[in-house]
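*Asks:* Quick check, what structure comes out for this input:
(one chain, ligands or ions: 1)
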Amino acid sequence: MADEKKIILTGDRPTGALHLGHYVGSLKKRKEMLDSGKYTAFIMIADIQALTDNAEDPEKIRENILEVALDYLGAGLSPERCSFFVQSHIPALYELPMYFANLVTMARLERNPTVKAEIAARNFEKSLPVGFMTYPISQAADITAFKAHYVPVGADQLPMLEQTREIVHSFNRIYKTDVLVEPEAVLPDDETSYRLVGTDGNAKMSKSLGNCIYLKDDPDTIREKVMNMFTDPNHLRVSDPGETDGNPVFLYLDAFGGPELFSAHCTAYASLGELKAHYRRGGLGDVFVKKLLNEIMQDVLRPIRERRLQYEADKEGVLGLLKAGTESAREQSDRTLAEVREAIGLNYFTDKGFSNAYITRGGAGGDTPNSTK
Ligand code: TRP
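*Replies:* Next up is the predicted model:
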């Protein structure tokens, strides 16, 4: 290939607007990687995967296609540095899973901890759609169709990457090829961001729990959500000693603060460490800390919201970006698909080896697909 750049593939299900958990968990890292100019990147709106648990509600998916695209653009993922595309318009992503499904056992799928947790959260225990159970196979297709080296995702996606690597390994071994590339996850730099807690202290920020701050929230909404955040429930009076570990307000300061932002908004303390120490000693009120967090959060979200609003004024243009990105994603993935078919030996009409073995020389027992290349 002429293009020596390493490849990035990642994406999100279009089931709701993106929130701070998405931002620190992956969008920030994606932006950093794109801005470096070192990669060829494909960013996918995973509408087929969204259907695996929303088959009766396609309207939910339709209404979130542009929303997610706007969140990407708002978060600073530059359309000049990546192709944004929609999963449902890429034929390889339907075909590859059929081949991969033969390389994966049911037992292996059942062990996937992310899928297990999602089954429980959706009450799918009794009646589990086949498409949902097998979505890790489809996700392996998403990644390998682009021969992605890097997949910047939240930590909850690690089991999907593991599964993908196993499929790549089996495929390449069985079909004696190296067409598929083993991908690597790229996680955030700090562990607080691996899984951002909700504003209510729940272990996960999630739309269904109603504990999100969205990238598109306006300043008043952000302030209200921050001021209502859960903190240490035993910190009743200002004078009481408080807990900072696992306290959502401090976890957010860890994830968003950064030394510059912190000192820009807080002159009373030399560092976040000192602020925490005071809270733990007692004598520091929640309102002080929340006001600080609000100011920092406003600084983080303002440029994202403003950029988003600019794109929102030209939704037609955004749809055009998706369309163009989808075309280039299709080209790229069609090339992989052709190589995959050839590796398995499904290329009867174009393969010289096939005619040699079964037509010219007549009869079976000739070349195998893998020995004729
Ligand atoms: N499973 C991801 C999510 O829940 C979305 C996704 C689908 C994805 N295909 C992918 C992420 C491929 C990374 C790579 O948001």
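*Asks:* Buried residues, the helix or strand bottoming out on mean pLDDT in the chain. List them.
*Replies:* Least confident helix or strand of the chain, by mean pLDDT, DSSP states H and E, is helix 258-265 with a mean of 92. Within helix 258-265, the residues that count as buried by 16 or more other C-beta atoms under 10 Å are 261, 262, 265. (C-beta placed from N, C-alpha, C; glycine too.)
*Asks:* got those as TSV, with distance to the ligand columns?
*Replies:* Shown next, in TSV, are these (distance: C-beta to the nearest ligand atom, whole Å):
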residue	distance to the ligand
261	27
262	30
265	32
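*Asks:* Looking at the residues you listed, which is nearest residue 160?
*Replies:* Of all the buried residues of helix 258-265, residue 261 has the smallest distance to residue 160: 32.3 Å, by C-beta to C-beta.
*Asks:* returning to that earlier point: give me the mean pLDDT for the following helix or strand past the least confident helix or strand of the chain.
*Replies:* Scanning forward in sequence from helix 258-265 by DSSP states H and E, the next helix or strand is helix 272-281. For helix 272-281, mean pLDDT rounds to 96.
*Asks:* what are the C-alpha coordinates of helix 272-281, in PDB please?
*Replies:* C-alpha atoms of helix 272-281 as PDB (Å, rounded to 0.1, in the frame of the first residue of the first chain):
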ATOM      1  CA  LEU A 272      -5.800  19.900  43.500                       C
ATOM      2  CA  GLY A 273      -3.900  17.800  46.100                       C
ATOM      3  CA  GLU A 274      -4.100  20.700  48.600                       C
ATOM      4  CA  LEU A 275      -7.800  21.200  47.900                       C
ATOM      5  CA  LYS A 276      -8.400  17.500  48.600                       C
ATOM      6  CA  ALA A 277      -6.300  17.600  51.700                       C
ATOM      7  CA  HIS A 278      -8.400  20.400  53.100                       C
ATOM      8  CA  TYR A 279     -11.700  18.600  52.300                       C
ATOM      9  CA  ARG A 280     -10.400  15.500  54.000                       C
ATOM     10  CA  ARG A 281      -9.400  17.500  57.100                       C
END
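*Asks:* for residue 200, what are its contacts?
*Replies:* By C-beta atoms under 8 Å, 6 or more residues apart in numbering, residue 200 lies in contact with 209, 210, 211, 229, 230, 248.
*Asks:* Just the buried ones among those residues, please.
*Replies:* Buried by 16+ other C-beta under 10 Å: 211, 229, 230, 248, out of the contacts of residue 200.
*Asks:* Tell me which helix or strand the residue lying closest to residue 229 once chain neighbours are set aside sits in.
*Replies:* Of all residues not flanking residue 229 in the chain, residue 199 sits nearest, at 4.8 Å (C-beta to C-beta, 6 or more residues apart in numbering). If you go by DSSP H and E, residue 199 is not part of any helix or strand.
*Asks:* just residue 333 next, same as before
*Replies:* Element membership for residue 333 (DSSP H and E) is helix 315-344.
*Asks:* If I follow the layout properly, residue 339 ends up in contact with residue 178?
*Replies:* No. Look at residue 339 against residue 178 with C-beta atoms under 8 Å: they stay out of range, at 9.8 Å.
*Asks:* Helices of the stretch 151-300 of the chain, start to end?
*Replies:* Ranges of helices within the stretch 151-300 of the chain are 158-174, 219-227, 248-256, 258-265, 272-281, 286-312, based on DSSP state H, counting those that start in this stretch.
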